[in-house]
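Chemist: compute the structure for the input listed below.
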Amino acid sequence: MAVRSTAAPPTPWSRSLAEPKINETAFVHSFSNIIGDVYIGANVIVAPGTSIRADEGTPFYIGENTNLQDGVVIHGLEQGRVIGDDDQEYSVWVGKNASITHMALIHGPAYVGDNSFIGFRSTVFNARVGEGCIVMMHALIQDVEIPPG
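Modeler: Here you go, the predicted model:
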């Protein structure tokens with residue numbers, strides 16, 4: 001088996017990627033991938049098979065105490081940004097205490113608020129999910145803004 005020296009082959013967006021910033025208390029499973037300008041807060045869990053790829057759209061923010069379950073994919077388009085809770089621009093913002101469940105896709109531009117739950121195999125794309133929301137399994141959240149609660 002060939003061993004690659006880089007996380008991904010070069011693309012027009014990944015020639016000079018920033019390094020992820022991962023809090024020392026976060027757990028990142030060895031079978032997951034984190035690429036590019038990604039901030040991961042305290043006590044975050046990144047489960048096996050998760051791909052967080054800030055190569056085209058960037059940066060990403062994952063807030064404290066959030067869990068990203070098995071097979072989650074987080075990616076973003078070069079165009080489009082959301083405003084994070086810190087008033088900065090992001091391709092993807094996931095707030096604190098959020099739960100992104102098995103095989104969900106968060107594709108930027110996307111915002112997921114604090115204390116929100118994104119169900120199994122759901123997709124959030126070009127959308128804003130407010131604080132304290134529950135998105136059930138297999139849902140498509142696209143081109144909308146869901147208010148808090």
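
Chemist: contacts, neighbours, all on C-alpha from now
Modeler: Fine.

Chemist: roughly how far is the worst-scoring helix or strand of the chain on mean pLDDT from the heart of the chain?
Modeler: Sorting the helices and strands of the chain by mean pLDDT, DSSP states H and E puts strand 33-36 at the bottom, at a mean of 94. Distance, stretch centre to chain centre, for strand 33-36: 10 Å (C-alpha atoms, centre = their mean, to the nearest Å).

Chemist: which other residues reach it?
Modeler: 7, 14, 17-20, 49-55, 58-59 (C-alpha atoms under 8 Å, 6 or more residues apart in numbering).

Chemist: pretty sure Ile83 contacts Gly95?
Modeler: No - using C-alpha atoms under 8 Å, Ile83 makes no contact with Gly95, being 11.7 Å away.

Chemist: more neighbours: the two, which one.
Modeler: Taking neighbours as other C-alpha atoms under 10 Å, Ile83 and Gly95 compare with Gly95 leading, 24 against 16.

Chemist: residue contacts, the more buried one?
Modeler: Gly95 is in contact with 61-64, 66, 112-115, counting by C-alpha under 8 Å, 6+ apart.

Chemist: filter those residues to the buried ones?
Modeler: Burial by neighbour count, judged by 16 or more other C-alpha atoms under 10 Å, picks out 61-64, 66, 112-115 from the contacts of Gly95.

Chemist: among the residues you listed, which one lies nearest to Glu24?
Modeler: For the buried ones among the contacts of Gly95, the minimum distance to Glu24 (C-alpha to C-alpha) is 11.6 Å, reached by Glu64.
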